[in-house]
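# Build me a model:
(one chain, ligands or ions: 1)
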Amino acid sequence: MTGRTTGHITRRASGRTAGNSCDVLIVGGGPCGLLLAALLARRGVDVVVLERRRAPSARSRAIGLHPPALEALRAVGLDEAAVAEGAAIAVGEARGRGRRLGEVTFERAWPQRPYVLSLPQSRTEALLEERLAELAPAALHRGVEVTGLDADGGDVTLTARRAAPRGAAGEAGPVRWRARAVVGADGSRSMLRDLAGIRARRTTYPDTYLMGDFADPGADGRARIHLEPDGVVESFPLPGAVRRWVAHTGTAPSARTPADLAAVVRRRTGAQIDPGTNTMISAFGVGRRTARRMVEGRVVLIGDAAHEVSPIGGQGMTLGWLDALALAPLLEDAVHRELRCPLQQAPGFRELERARLRSARAAGRLAHLNTALGRPLPLPLARARDLLLRGLLRTPLRHGLARAYSMRRRSGIRAQALPPGSLPPG
Ligand SMILES: Cc1cc2nc3c(=O)[nH]c(=O)nc-3n(C[C@H](O)[C@H](O)[C@H](O)COP(=O)(O)OP(=O)(O)OC[C@H]3O[C@@H](n4cnc5c(N)ncnc54)[C@H](O)[C@@H]3O)c2cc1C
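This next block holds a predicted model:
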C-alpha cells in the first residue's frame, strides 16, 4: 500500500504528491461497490468509491438475501443488523389454478440459516454505506460521474465530472483520479466495461412485469409462486407486514398502477390486496448480459457490470457480493506487493474470473428457466406443468431445488461454516 488517506491529496511513500489518488478506485456505489469498499477498508486498503448519484437510491429492487449474501454481510459485521431488520422467508410455496402444488424449505440446504432474508435493497445499501463511513469516513464520493479511463504503466487515471451542488446551475467541473486498480461496479450498463474494451453478450427477454409493495395484514413468512395460465404471480413477505407482489404482464404491458396490479392479482389468484396501501410500484422488463471477461489490464468488473441475470429468481445482488468476497483479498495482495503487471497476470485473478463467470452462467440459466416457467400457457399445457411440478415437489428432488434457489451450489460457502442464527422476526 502506498498512500494512507481515502481523501483527495495523497502523499506517496516516495514523497511525490499524487493529487486525487488512492490504491483501489471503485466506480459505482451500489450494493456491490459499497460491499467491496467496506471489505477493502477492513483490510487496510486505501479505497475510494465514485458514485454519480448525489443521494442514495430509494428504489427497492433486490429484496432476497440468500444465506451466502448473509455470509458476505458477516464479513463486514452486518449480518446481525440485517437479520434484525429483515423478514425471514422459511418456506416457498408453489400454487397453480388455486391449488397448492408443493413447497420448498431450506433446512437441508442451509441448516444454520434455513431461510432467505427479505430486506429492501435501499435498506441494505444504507447499512453498507453507514458501515463504510465507520471504516473509511472519506471513501464515498457522491455526485461524481466517471467519463474516461486512461491506463498508463501500472496505474490508471480516471476522468470524471462532479455534479454541481444542488440549486447551482451547470456542472462543478472535471476531476481526475489516479489509482493502482479500478473496479467497475457501475451496473448492467457499465461505462467502465466499455472503457476497458470488454464486450458483453446481451439477451433481452420479451417478458414484462409489474411489481408493487402492499400492506400484508396476515403476514405468514411464506413466499408464494402462483403459476397461472395467464402468467405467473409471485409474492414475498417484506419487513413491517408488507408484501411484494410481482405479476407477469405479457410482452406489451398496459398495466401500470397499483389498482392494475391488484386487479391482476385478484383475477389470477383470488387474493385481495388494497391498492390504497401501496408504497412502491414499478413496471420492468428483463434481460441477461454476461461480460466476456471480468479482468482487463488494471480494471476488474463485478456485480451487474460483469453479469446481469433476470431478476425473476432474484440472485443478482448475491452473485455480485460473492465477486466482492473473492476479489478483496486478491486486490489487497496486488496492492501490497505493488504489482504493476496487468491484473489478469497477477495471482488468482484468472481463476476468480473463471469461477465467477461460471457461477453467473449457472444463475443465469436458473433465472432463464424461472422466466420461461412463468409465461402464460394454454390451459392443457398449464395442467401438464402443474402435474409435473406437483410430482417433483413430492420427491427428494425438492431438496435439490432448495439448494439451487438458495444458492448453495454456486456460493463456494459451506453451509456448516455459517454461525448458528435464530430465525429473525417474520
Ligand atoms: C426488480 C428487480 C428485483 C431484483 N431482486 C433481486 C433479489 O431479490 N435478490 C438479488 O440478489 N438481486 C435482485 N435483483 C438484482 C439486483 O438489484 C442487482 O443485481 C444489484 O443491484 C446489482 O448491484 P451493482 O452494485 O452491481 O449495480 P447497481 O445496483 O446497478 O449499482 C451501480 C451503481 O453505479 C452507479 N454508476 C453507474 N455509472 C456510473 C458512472 N459512470 N460513474 C459513477 N457511478 C456510476 C449507479 O448510479 C449505481 O449506484 C433485482 C433486480 C431488479 C431489477
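# Which residues of the stretch 301-426 of the chain lie near the ligand?
Gly303, Asp304, Ala305, Pro311, Gly314, Gln315, Gly316, Met317, Thr318, Gly320 (C-beta under 6 Å from any ligand atom). (C-beta placed from N, C-alpha, C; glycine too.)
# Quick check: the farthest pair among those?
Taking every pair in these and measuring C-beta to C-beta, the maximum separation is 18.5 Å, between Ala305 and Gly314.
# Neighbour count for the two, which is higher?
Ala305 (32 against 24; other C-beta atoms under 10 Å).
# min pLDDT across the residues of the stretch 301-426 of the chain next to the ligand, which one?
The member of those with the lowest pLDDT is Gly314, at 77.
# In three-state terms, label the closest residue in space to Arg108 that isn't next to it in sequence for me.
With C-beta to C-beta, 6 or more residues apart in numbering as the criterion, Arg108 has its nearest non-adjacent residue at 4.9 Å, and that residue is His399. Under DSSP: H, G, I helix; E, B strand; the rest coil, the three-state class of His399 is helix.
# His399 reaches Ala109, doesn't it?
Yes - using C-beta atoms under 8 Å, His399 is in contact with Ala109, at 6.9 Å.
# These two: which is more packed in?
Ala109 (23 against 16).
# Could you pull up the contacting residues of the residue of the stretch 1-150 of the chain found nearest the ligand?
Nearest residue of the stretch 1-150 of the chain to the ligand (C-beta to the nearest ligand atom) works out as Gly30 at 2.1 Å. Gly30 makes contact with Glu51, Ser57, Glu125, Ala185, Asp186, Gly187, Gly303, Asp304, according to C-beta atoms under 8 Å, 6 or more residues apart in numbering.
# give the contact list for the residue in the stretch 151-300 of the chain that the ligand sits nearest to.
Closest contact between the stretch 151-300 of the chain and the ligand, by C-beta to the nearest ligand atom, is at Gly187 (2.8 Å). Applying C-beta under 8 Å, 6+ apart to Gly187 gives the contacts Gly28, Gly30, Gly303, Asp304, Ala305.
# Looking at the chain, which helix is longest?
helix 349-373 (DSSP state H).
# Mean confidence (pLDDT) on that one, please.
On average, helix 349-373 scores 92.
# And for stretch 124-138?
On average, stretch 124-138 scores 97.
# all strands in the stretch 1-150 of the chain, in order from the N-terminus.
Here the stretch 1-150 of the chain has its strands, by DSSP state E, counting those that start in this stretch, at 9-11, 17-27, 47-51, 64-65, 87-89, 91-96, 99-105, 116-118, 140-142, 144-152.
# Redo the ones you listed as CSV? Include mean neighbour count and distance to the ligand.
Formatted as CSV, those follow (neighbours: other C-beta atoms under 10 Å; distance: least, C-beta to the nearest ligand atom, whole Å):
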stretch, mean neighbour count, distance to the ligand
strand 9-11, 15, 20
strand 17-27, 23, 5
strand 47-51, 27, 5
strand 64-65, 26, 3
strand 87-89, 23, 10
strand 91-96, 20, 13
strand 99-105, 16, 16
strand 116-118, 26, 8
strand 140-142, 20, 9
strand 144-152, 17, 4
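# closest one to Glu338 among those strands?
strand 17-27 (9.7 Å).
# Just the CA coordinates for the closest one, please, in CSV.
These are the backbone C-alpha positions of strand 17-27, laid out as CSV (Å, rounded to 0.1, in the frame of the first residue of the first chain):
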residue,chain,number,x,y,z
THR,A,17,2.3,14.4,-4.3
ALA,A,18,-0.2,12.3,-6.3
GLY,A,19,-3.2,14.6,-6.5
ASN,A,20,-6.5,12.7,-6.3
SER,A,21,-5.2,9.2,-5.8
CYS,A,22,-5.8,6.0,-4.0
ASP,A,23,-4.9,2.4,-4.3
VAL,A,24,-8.2,0.9,-5.4
LEU,A,25,-10.9,3.1,-7.0
ILE,A,26,-14.4,1.7,-7.3
VAL,A,27,-16.8,3.2,-9.8
